[in-house]
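*Asks:* Based on what follows, work out the 3D shape:
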Amino acid sequence: MYNLLSMKKDIHAKNYRPVVFQDISNGETFLTKSTAKTEETIKLDGVEYPLVKIHISSASHPFFTGQEKLLDVEGRVDKFKARAKAAAEAREKAANKVKKSKAPKENKKEAPQKLGK
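*Replies:* Numbering: from 1, shown residues only. Here you go, the predicted model:
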């Protein structure tokens, strides 16, 4: 049997309030209760609410929309490709350096001079 007297008091937030979450990829808004902190506000149906901007929601996620699309809000794919390219160039440069160091050195000694006739 669960003892109700052993429940901790005052562990839940008391600042639940209506907050608007806005999907920045398509502008869709959702009004719900939350404790999320934000400085921004938005007017919705004539009432001003705190505004939290999000990158993806059920209105834009391919699983819920049934459409596949690339969401690259912060340039993550471009950053990854740039790092991969730089790494490949560094590997190639290192490999060329190793090849040069292992290449046989040419003998540049001059042929002995013949004396006499």
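
*Asks:* how would you label A36: helix, strand or coil?
*Replies:* Using DSSP: H, G, I helix; E, B strand; the rest coil, the secondary structure recorded for A36 is coil.

*Asks:* helices and strands of this structure: which one bottoms out on pLDDT?
*Replies:* Of all helical and strand segments in the chain, the minimum by mean pLDDT, DSSP states H and E falls on helix 62-65, at a mean of 62.

*Asks:* Tell me the helix or strand right after that helix.
*Replies:* The C-terminal neighbour of helix 62-65 among helices and strands, as given by DSSP states H and E, is helix 76-102.

*Asks:* In that following helix, which residues are buried?
*Replies:* Along helix 76-102, not one residue counts as buried under the neighbour rule (16 or more other CB atoms under 10 Å). Heads up, the C-betas are built off the backbone N, CA and C, glycines and all.

*Asks:* roughly how far is that helix from the heart of the chain?
*Replies:* In terms of CA atoms, centre = their mean, to the nearest Å, the gap separating the centre of helix 76-102 from the centre of its chain is 22 Å.

*Asks:* Nearest the middle, which residue of the chain would you pick?
*Replies:* The geometric centre of the chain, computed from its C-alpha atoms, lies nearest to R76 (CA atoms, centre = their mean), at 4.8 Å.

*Asks:* For that one, give me its contacts.
*Replies:* Counting by CB atoms under 8 Å, 6 or more residues apart in numbering, R76 touches no other residue.

*Asks:* Just the local confidence number for it, please.
*Replies:* On pLDDT, R76 comes in at 77.
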